[in-house]
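# just a sequence and a predicted model for now, questions to come.
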Amino acid sequence: MKLPNRRLLHLAAGATVMLYVNQVLAQQNPPAASSYDLVLRSARIVDGTSSPWYRADLAIRGDTIVRIAPSIRESAARVIDLGDLVVAPGFIDIHTHASRNIFAVPTADNYIRQGVTTVFEGPDGAGSVVGSLPAPIKPFLDRLEATPRSINVAAFIGQNAVREAVIGLANRAPSAAELERMREIVRQGMRDGAFGLSTGLFYVPGAFTPLEEIVELQKVVAPFRGVHTSHMRDEASRVVESVKETIAIGELSGVPTHVSHHKVIGKAYWGKSVETLQVIDAARARGIDVTMDQYPYTAASTTIQSALLPQWAMEGGIEGAKARLKDSTTRTRVKAATVEILLTERGGGDPKNVVINTCDWNPALAGKHLGEVTQARGLEPTLENAAETALWLVESGGCRGVFHAMGEEDLERILAHPATMIASDGEITIFGRAAPHPRSYGTFARILSRYVREKHIITLEDAVRKMTSLPAARVGFTDRGVLRPGMKADLAVFDADRVRDMATFEKPHQYAEGFAYVIVNGEIVYENGAMTAARPGRVIYGPGKTAAVQ
């Protein structure tokens, strides 16, 4: 038997020892972890500041942007080469009614798929008439914390909801004790994390609130560095006076003030945006911090009862209105006022301009205009008969509608103003249900396609500013809204040449196109046409929750 060569045995033994040594060293000194969790390469960076776009790589670690550089070559758990796609801060929608379906659809698909990473609830004064957030807001925020979601959510507390909690839907002044109770609810709402106090002076009971009462409540908000946002009293014949009142609220109470979904309703009043914007410019010139938001559609949406009935008829809410309509004399007064509203304001002069989009007691009415419903009741579609149909809808339980009564020139003029940001006034939708306003699906994509790419009303960089850093600055975000190292990794990635809104008034349930990735707090929630399983959304709290305020 031939024995092995001693040199070969020695080499084999040495190899075994070295293998063992290498294994030990590997255990003691494992390979370095990836430097980053995600690197986006070759992006067109639109950073949210209105600066011209530039080409760069962007690196994320955890929930934070950690580096932006011409080239990032360190290791990463995942690298995505974006080619010519735009990377922008995730869009911030400062005006939504997300509470309606956030718990049914916590993925918020219709918003995520158009690049929105943060939504605000509690606008328009909220409360039961708006069908949104009540006061106090803590139960809603606590439930949000317990619900895994794809999107970030923040909230305002609503003055209508506060008034409703103390004195109901009555048209009267509060007692001194009631006013103090309202102050305390607002104070607690700010401590619970609200970003400010919204008003809905178009809606009951906000419509019954004098300026002085609103100012007293906003003075409570001021030490918390909160903001006032308002659905103004009027957006038609008294739109200029309403803008002045919104400014006065901020000026007298010491809070930043904000016009929600600025628009001009009624053809007779089209063009008044020239004057409203002059009023805003004059206020800003004298040091009043006033801004506004807008959605890019020439139709509004709210309840039939709030839009077509006079405000005095809505005291006590829909039940109060139904009771009044039983009295023939009062009914005649209400109907006359409704005819006038159909003629000169939200009816746009024709019953076909009022389209029902949600009706719980008769879902089959969704998508039908007021003229069609009037004819189905055996009546000619005149304004008088349409007004009678509107009263019948209220008596039957009320519906929500879409109101085509705004002008494109006012829309474009308001959009171009530097103090205007973009907000949808939409809701989280249940896909396929009812006939919602297309703004819930398409607001942000429509700005990028129609008003940037097609009409050149604003630039891509300024559009992104209006969707990101401008609303972030309005509410006081310090870690979102701009692409910089140290900011939270909320990102929208899209093709500027392909992005477009698909939702229409006739077929609203269509998601926006052109978005490739949406990232929330560092995690991809939407990728190449599909929602992912990630649920990184957070509840974002105002400064009263996160800092001691005396």
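Thanks, I have it. Residues are numbered from 1 along each chain as shown.
# how many neighbours does the spatially closest residue to residue 331 that is not a sequence neighbour have?
Among residues not flanking residue 331 along the chain, residue 325 sits closest, at 5.0 Å (C-beta to C-beta, 6 or more residues apart in numbering). Placement of C-beta: from N, CA and C, glycine included. Neighbourhood size, residue 325 [other C-beta atoms under 10 Å]: 18.
# measure residue 325 to residue 289 for me?
Counting by C-beta to C-beta, to the nearest Å, the gap from residue 325 to residue 289 is 43 Å.
# picking that back up, got a list of what the residue nearest to residue 331 touches?
When contacts are counted by C-beta atoms under 8 Å, 6 or more residues apart in numbering, residue 325 touches 331, 334, 391, 394, 395.
# pretty sure the second one contacts residue 323?
When you say that, I think you mean residue 334. No - Residue 334 sits out of contact with residue 323 when judged by C-beta atoms under 8 Å, with a separation of 11.6 Å.
# those two: who's more crowded?
residue 334 (24 against 12).
# wait, a strand at that one?
No - using DSSP: H, G, I helix; E, B strand; the rest coil, the assignment for residue 334 is helix, not a strand.
# where does the prediction get shaky in this protein?
Along the chain, segments meeting pLDDT under 70 span 1-33, 547-550.
# how is it divided into domains?
Domain assignment for the chain by automatic domain parsing gives 89-298+406-546, 302-404.
# let me have those in CSV, extended by distance to residue 47.
Listed next are the domains of the chain as CSV, based on distance: least, C-beta to C-beta, whole Å:
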stretch, distance to residue 47
domain 89-298+406-546, 4
domain 302-404, 36
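# which residue ranges of the stretch 201-350 of the chain form strands?
Shown for the stretch 201-350 of the chain, the strands assigned by DSSP state E, counting those that start in this stretch span residues 227-231, 257-259, 290-294, 299-303.
# the stretch 1-150 of the chain too?
Under DSSP E, counting those that start in this stretch, the stretch 1-150 of the chain gives strands at 36-45, 54-61, 64-69, 76-81, 86-89, 91-93, 116-121.
# mind listing what the last one pairs with, with the direction of each?
Right, strand 116-121. strand 91-93 (parallel), strand 152-155 (parallel) (DSSP bridges).
# would you mind saying which of the ones you listed lies nearest residue 82?
Residue 82 sits nearest to strand 91-93 of all the strands paired with strand 116-121, at 17.8 Å, using C-beta to C-beta.
# which residues are contacting the closest one?
Outside of strand 91-93, the residues within contact range by C-beta under 8 Å, 6+ apart are 111, 114-120, 422-424, 426, 443-444, 467-468, 471-472, 477, 480-481, 492.
# among the residues you listed, which are located in helices?
Counting by DSSP state H, the part of those found in helices is 111, 443, 444, 467, 471, 472.
# might one say that the fifth one is in contact with residue 293?
Yes - applying C-beta under 8 Å, one finds residue 471 in contact with residue 293, separated by 7.5 Å.
# which residues do these two both contact?
What both residue 471 and residue 293 touch, as defined by C-beta under 8 Å, 6+ apart, is the set 94, 421, 422, 423.
# identify the farthest-apart pair in the residues you listed.
Top of the distance list for those (C-beta to C-beta): 94 and 422, 8.7 Å.
# need the overlap of contacts for the two.
Shared contacts of residue 94 and residue 422, defined by C-beta under 8 Å, 6+ apart, are found at 293, 471.
# return the residues in contact with residue 208.
163, 170, 171, 172, 311, 315 are the contacts of residue 208 under C-beta under 8 Å, 6+ apart.
# the nearest residue to residue 148 once chain neighbours are set aside and residue 486, how far apart?
Once flanking residues are discounted, residue 148 sits nearest to residue 535: 3.7 Å by C-beta to C-beta, 6+ apart. Distance from residue 535 to residue 486, counting by C-beta to C-beta: 24 Å.
# the residue nearest to residue 148 should be in a strand, yeah?
No - looking at residue 535 with three-state DSSP, it is coil, so not inside a strand.
# number of residues surrounding it?
The tally of other residues near residue 535 (other C-beta under 10 Å) stands at 15.
# looking at it, residue 531 is touching residue 107, isn't it?
Yes - at 5.3 Å, residue 531 and residue 107 qualify as touching, with contact defined as C-beta under 8 Å.
# compare the two (neighbour count), which wins?
Higher neighbour count among residue 531 and residue 107: residue 107, with 22 against 16, using other C-beta under 10 Å.
# who's in contact with the residue lying closest to the more buried one once chain neighbours are set aside?
Computed as C-beta to C-beta, 6+ apart, the closest residue to residue 107 that is not its neighbour in sequence is residue 150, at 4.6 Å. For residue 150, the contacting residues are 106, 107, 108, 112, 520, 525, 526, 531, 534, 535, 536, 537, by C-beta under 8 Å, 6+ apart.
# using a markdown table, lay out the residues you listed together with distance to residue 128.
A markdown table is the format used below for the contacts of residue 150 (distance: C-beta to C-beta, whole Å):
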| residue | distance to residue 128 |
| --- | --- |
| 106 | 23 |
| 107 | 27 |
| 108 | 23 |
| 112 | 28 |
| 520 | 31 |
| 525 | 32 |
| 526 | 33 |
| 531 | 32 |
| 534 | 34 |
| 535 | 30 |
| 536 | 32 |
| 537 | 26 |
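# would you list the buried entries among those residues?
Buried residues within the contacts of residue 150, defined by neighbour count using 16 or more other C-beta atoms under 10 Å: 106, 107, 108, 112, 520, 525, 526, 531, 534, 536, 537.
# count of residues packed around the nearest residue to the last one once chain neighbours are set aside?
By that I understand residue 537. The shortest distance from residue 537 to any non-neighbouring residue, by C-beta to C-beta, 6+ apart, is to residue 149 (4.0 Å). Residue 149 has 24 neighbouring residues, counting by other C-beta under 10 Å.
# test my guess that residue 149 contacts residue 102.
Yes - in this structure residue 149 lies within contact range of residue 102 using C-beta under 8 Å: 7.0 Å.
# between these two, which contacts overlap?
Shared contacts of residue 149 and residue 102, defined by C-beta under 8 Å, 6+ apart, are found at residue 108.
# tell me the contacts of residue 213?
Applying C-beta under 8 Å, 6+ apart, the residues near residue 213 are 173, 174, 179.
# can you put those residues in JSON lines and add neighbour count?
Output for the contacts of residue 213, formatted as JSON lines (neighbours: other C-beta atoms under 10 Å):
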{"residue": "173", "neighbour count": "13"}
{"residue": "174", "neighbour count": "17"}
{"residue": "179", "neighbour count": "17"}
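# quick check on residue 74: phi, psi?
Taking degrees, to the nearest 10, you get phi -60, psi 160 for the backbone angles of residue 74.
# what of residue 157?
Backbone geometry at residue 157, expressed as degrees, to the nearest 10, gives phi -100, psi 140.
# count of residues packed around it?
By other C-beta under 10 Å, 32 other residues sit near residue 157.
# is it true that it touches residue 122?
Yes - contact status for residue 157 versus residue 122: in contact at 6.0 Å, counting by C-beta under 8 Å.
# need the overlap of contacts for those two.
Common contacts of residue 157 and residue 122 (C-beta under 8 Å, 6+ apart): 133, 137, 194, 198.
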